[in-house]
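**Student:** What would the 3D arrangement of this be:
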Amino acid sequence: MPENFLSKNQQYALKLETTPGTPVALTGGDVKIPPFFSNTGYVPDYRRFSNDQVSPDVGQAADYVGGKIGRIAFGFPFQTSGVLGTAPAIAAYLEACACKQQIVKAITISAPSGGDSAFKRGDSYSAASGTKTGIIEQDISSGGTLRYIPLTGGDLANTNVITSSGDTATASGASSIHSVKFTPTSDAQKAATAQRAVKNSAGTAGQDRITRIRGAMGTAVIEASALDAMRITGELSGPEDFQGAGSFLTGFTYESSLPPIFRNSNIQINGQLVSPSSAKLELGNTVSLDPDPSTDGGESGYVCSRVTSREPKFILDPRKLRPSLLDDLGLLGSGVTFPVTWTVGTSPNQIEITALKCQLRENTEGNREDLWTWNGTIYITRDSVLDEDFCIYFK
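**Tutor:** Predicted structure coming up:
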């Protein structure tokens, strides 16, 4: 039976691990998204020990396998859960790509006073005698809607709010859900147990092809073009936990919401609306594995994966924007940063991707008198520890 046919009958499952590198049992409940055939696959990666100096204790082999990991490539629709405030099925994959998940709430407040009379994004707050605490999610310096992330004590309601900087405001009414938010994290990275299964041609029970890795982390690209729907592609790497015959997981239900369509996108560079034919956010993670020759490493020789660095960036191709406008806006100056926002869909099936500090590191190619700037790569950066490289909102 052709491999192409078999690959179309495949199943992906993923579950975050309590202890990185310790596999968890997968069930049908961990199968949540149907994969795209063209973006999926499994590649074993043998880490070999090079025996340049042949010696009696290792024999005459030029090299030999010292460890084995697996790489599971995935491709899924990038969609919301369809319910405001409920994390989508892709949440576990984003967390395995070193993103943290937070629920953002919103409430009406009076104009801040005291301190510098402004609530700043990243400030901590307390309310109701300190029993309610959280983080301010967006700058606000006048009365209006306060976006915040509750940490302890629950939602704000009809109470004074004071920030760590000494700014005070009064919250009124009831809180509403703004979004489920994902941002890169360096702390408490979450590894996962991931599995790919391919249906065998005869449909014989227990004879499907199973490949499973543990302690897996990875990177991904969120993209869409022309009339296409939003999608996410990526790769997870981790020590191989199992490879062989098995059975598809049963009792699963795929997420039913539809991915937003790119033609309904609103993309802005420094507040200027642009119309690219495609856009994508590359998470830009570099994944490394922790070797361990002890029992923890097992036969694979590794314990788990970790994201050791990242360089996220937007790629807009082409930007329907006069190249000279980039100079007019001062975006090509050394050290100049600017915001980029990509919104697609409508609530509760809306996705917004924002990065407040972006940078053009070099001028893009193209005729200065033309309307097109091809292969525009915008690097995402930050100025301080409190800055977030990028935010993905499902709202």
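
**Student:** so Gln350 makes contact with Ile392?
**Tutor:** No: taking contacts as CB atoms under 8 Å, Gln350 lies outside contact range of Ile392: 11.5 Å. Backbone N, C-alpha and C define where each C-beta goes, glycine included.

**Student:** what stretches of the stretch 251-395 of the chain score poorly on pLDDT?
**Tutor:** Under the criterion of pLDDT under 70, the regions of the stretch 251-395 of the chain flagged as low confidence span 293-300, 318-330, 332-334, 362-375, 385-386.

**Student:** Pull out the buried positions in stretch 347-365.
**Tutor:** Across stretch 347-365, burial judged by 16 or more other CB atoms under 10 Å covers 348-360, 364.

**Student:** what's the closest of those to Ala118?
**Tutor:** Distances from the buried residues of stretch 347-365 to Ala118 were compared by CB to CB; the smallest belongs to Leu356, at 16.0 Å.

**Student:** Next, that closest one: phi, psi?
**Tutor:** Here is the backbone geometry of Leu356 (degrees, to the nearest 10): phi -80, psi -20.

**Student:** Name the nearest residue to it, ignoring sequence neighbours.
**Tutor:** The shortest distance from Leu356 to any residue that is not its chain neighbour, by CB to CB, 6 or more residues apart in numbering, is 4.8 Å, and that residue is Pro339.

**Student:** Which neighbours in the sheet does the host helix or strand of that neighbour have, and how are they oriented?
**Tutor:** The secondary structure element spanning Pro339 is strand 338-346 (assigned by DSSP states H and E). The pairing partners recorded for strand 338-346 under DSSP bridges are strand 265-269 (antiparallel), strand 349-359 (antiparallel).

**Student:** tell me how far the ends of stretch 335-355 are from each other?
**Tutor:** Distance across stretch 335-355, first residue to last, is 16 Å (CA to CA, to the nearest Å).

**Student:** Pull the contacting residues for the spatially most central residue of the chain.
**Tutor:** Ranked by distance to the mean C-alpha position of the chain (CA atoms, centre = their mean), the top residue is Leu94 at 3.7 Å. When the contact criterion is CB atoms under 8 Å, 6 or more residues apart in numbering, the partners of Leu94 are Gln101, Phe182, Ala220, Ile392.

**Student:** Top of these by number of neighbours, please.
**Tutor:** Note: the member of the contacts of Leu94 with the most neighbours is Ala220, at 25 neighbours, neighbours being other CB atoms under 10 Å.

**Student:** give me every residue that touches the nearest residue to it once chain neighbours are set aside.
**Tutor:** Spatial nearest neighbour of Ala220, excluding adjacent residues (CB to CB, 6+ apart): Gly234 at 3.1 Å. With contacts taken as CB under 8 Å, 6+ apart, Gly234 has the following neighbours: Ala73, Phe74, Gly75, Tyr93, Cys97, Gly218, Thr219, Ala220, Val221, Leu283.
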